[in-house]
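*Asks:* Sequence and predicted structure are below.
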Amino acid sequence: MTEHSIAAIAASLGAGFAGNPDLPITHASEPQSAGQTALALAMSEKYAVGLPQGRAKAALMWEGADWQSYGLEAAIFVERPRLAMAGLSKVFDPGPEVAQGIHPMAVIDPSAEIGEGAAIAPFVVIGRGAKLGPNAKILPHTSIAEGALIGADTLIGAGARIGARVVIGDRAIIHAGAVIGCDGFSFVTPEKSAVEQVRETLGDRGDVQNQSWTRIHSLGSVVIGDDVEIGANCAIDRGTIINTSIGRGTKLDNLVHIGHNVQVGEDTLLCGQVGIAGSAKIGNRVVLGGQCGVSDNITVGDDVVGGGATKIFTNAPKGRVLMGSPAMKMESQVASYKALRRLPRLVARVEALEKMVSKLKQTD
């Protein structure tokens with residue numbers, strides 16, 4: 001394991017420390033199971049109670065903590081523990097191991113351009129005219145199709161599929177199994193389809209007729225900004241004419257699906273199993289919890305937050321907090337849910353009142 005001194009770790013976090021600056025640390029650990037070379041994560045009093053159960057000599061602690069009372073030799077102090085975790089995890093994460101240079105078992109078209117310091121693992125296939133930026137890392141069994149542009153310091157995980165003419169910015173992370181730039185799910189019928197009829201009538205589809213589907217090809221591609229992270233097994237469809245786009249700093253969890261022509265803004269967070277239908281527009285700093293769904297051709301404004309499993313069928317204005325299916329303001333959804341829970345009691349009261357009224361009528 002690589003050793004880091006307390007002083008070096010504190011400097012990387014921009015944090016203060018006390019005690020032995022040269023104390024060697026090899027990894028982070030929960031306080032109760034920490035060994036002598038571990039940095040115990042005792043970032044609040046709730047977690048610090050576990051320190052006596054472990055053997056840590058140093059801990060990451062809250063500002064003002066009485067570190068010496070816990071028998072420690074050193075401590076690092078942070079104001080925002082979760083933010084400190086981001087920096088600390090970066091210190092100890094070596095990242096995937098890929099030897100610099102091109103592995104002899106990679107297949108690379110002669111016209112592809114490979115940036116300085118790039119690392120390409122075995123069984124990677126890179127197509128005609130593709131360009132990889134400096135220090136890009138491509139893990140095994142990845143395919144990068146013709147004309148794709150991969151930015152500097154980008155990491156593409158094992159088995160990812162990057163389609164033709166896809167553009168990926170600098171410092172992006174594409175996790176294993178992601179498919180970026182597959183064709184959009186776009187089909188049309190010679191006559192109005194059942195879906196078109198129902199949208200017009202809101203329920204009545206008229207006479208049911210046979211219909212066949214004709215494929216609309218995807219001529220656009222996908223453009224992904226700098227510092228974007230795409231989770232494992234995500235699927236991002238290319239646009240029909242325009243490009244599908246993911247803005248700078250946006251993060252996608254595993255199993256997120258982005259339909260054709262979708263435009264996602266900057267610094268947006270899409271949790272696991274979110275599905276966004278074709279031509280929807282998602283603003284900046286939007287957060288959609290797991291299993292949220294967004295209908296096609298609608299706009300979700302900046303700073304919208306959708307609770308888990310929320311289904312957004314209509315435009316959502318800027319800053320709205322949504323919950324439920326169909327989506328409504330969170331406070332309205334909570335009130336509706338409370339009312340729903342009271343329904344059995346309300347039904348019982350109505351039945352009792354009906355019986356009373358019935359008896360009164362019988363006595364008249």
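*Replies:* Done, it's in.

*Asks:* Helices of this protein, start to end?
*Replies:* Assigned by DSSP state H, the helices in the chain fall at 6-13, 45-48, 81-92, 194-201, 330-363.

*Asks:* so what does the lowest-mean-pLDDT helix or strand in the chain touch, helix or strand wise?
*Replies:* None of the helices or strands of the chain scores lower by mean pLDDT, DSSP states H and E than helix 194-201, at a mean of 84. Packing contacts for helix 194-201, counted by 3 or more C-beta pairs under 8 Å, 6 or more residues apart in numbering; DSSP states H and E, involve no helix or strand. No exception for glycine: its C-beta is placed from N, CA and C like everyone else's.

*Asks:* Flag every buried residue along that helix.
*Replies:* Neighbour counts over helix 194-201 (16 or more other C-beta atoms under 10 Å) mark Gln197 as buried.

*Asks:* what does stretch 82-91 give?
*Replies:* Residues 84-85, 88, 91 are the ones in stretch 82-91 that count as buried (16+ other C-beta under 10 Å).

*Asks:* Just the C-alphas of that stretch, formatted as PDB.
*Replies:* This file holds the C-alpha atoms of stretch 82-91, laid out as PDB (Å, rounded to 0.1, in the frame of the first residue of the first chain):
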ATOM      1  CA  ARG A  82     -18.900  14.700   3.200                       C
ATOM      2  CA  LEU A  83     -16.900  17.100   1.100                       C
ATOM      3  CA  ALA A  84     -13.700  16.000   2.800                       C
ATOM      4  CA  MET A  85     -14.600  12.400   1.900                       C
ATOM      5  CA  ALA A  86     -14.500  13.300  -1.700                       C
ATOM      6  CA  GLY A  87     -11.000  14.500  -1.400                       C
ATOM      7  CA  LEU A  88      -9.900  11.700   0.900                       C
ATOM      8  CA  SER A  89     -11.300   9.000  -1.300                       C
ATOM      9  CA  LYS A  90      -9.400  10.500  -4.200                       C
ATOM     10  CA  VAL A  91      -6.100  10.400  -2.300                       C
END
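
*Asks:* And it, how far out from the chain middle?
*Replies:* Chain-centre distance of stretch 82-91: 18 Å, with C-alpha atoms, centre = their mean, to the nearest Å.

*Asks:* so for that stretch, what's the average pLDDT?
*Replies:* For stretch 82-91, mean pLDDT rounds to 94.

*Asks:* Give me the below-cutoff pLDDT ranges for the stretch 251-364 of the chain.
*Replies:* In the predicted model, the stretch 251-364 of the chain carries pLDDT under 70 at residues 364.

*Asks:* Of the helices of the chain, which is nearest Ser279?
*Replies:* Among the helices of the chain, helix 194-201 comes nearest to Ser279, with 14.2 Å by C-beta to C-beta.

*Asks:* on that earlier part again, how far does the least confident helix or strand of the chain sit from its chain's centre?
*Replies:* Counting by C-alpha atoms, centre = their mean, helix 194-201 is centred 33 Å from the centre of its parent chain.

*Asks:* Which residues outside it are in contact with it?
*Replies:* With C-beta atoms under 8 Å, 6 or more residues apart in numbering as the test, helix 194-201 has contacts from 204-206, 208, 211.

*Asks:* before we move on, the earlier item: need the buried residues of stretch 82-91 in CSV with distance to His141, can you?
*Replies:* As requested, the buried residues of stretch 82-91 are arranged in CSV below (distance: C-beta to C-beta, whole Å):
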residue, distance to His141
Ala84, 35
Met85, 31
Leu88, 31
Val91, 29
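
*Asks:* Mind picking the one among those residues that's closest to Pro24?
*Replies:* Nearest to Pro24 among those, with distances taken as C-beta to C-beta, is Val91, at 13.3 Å.
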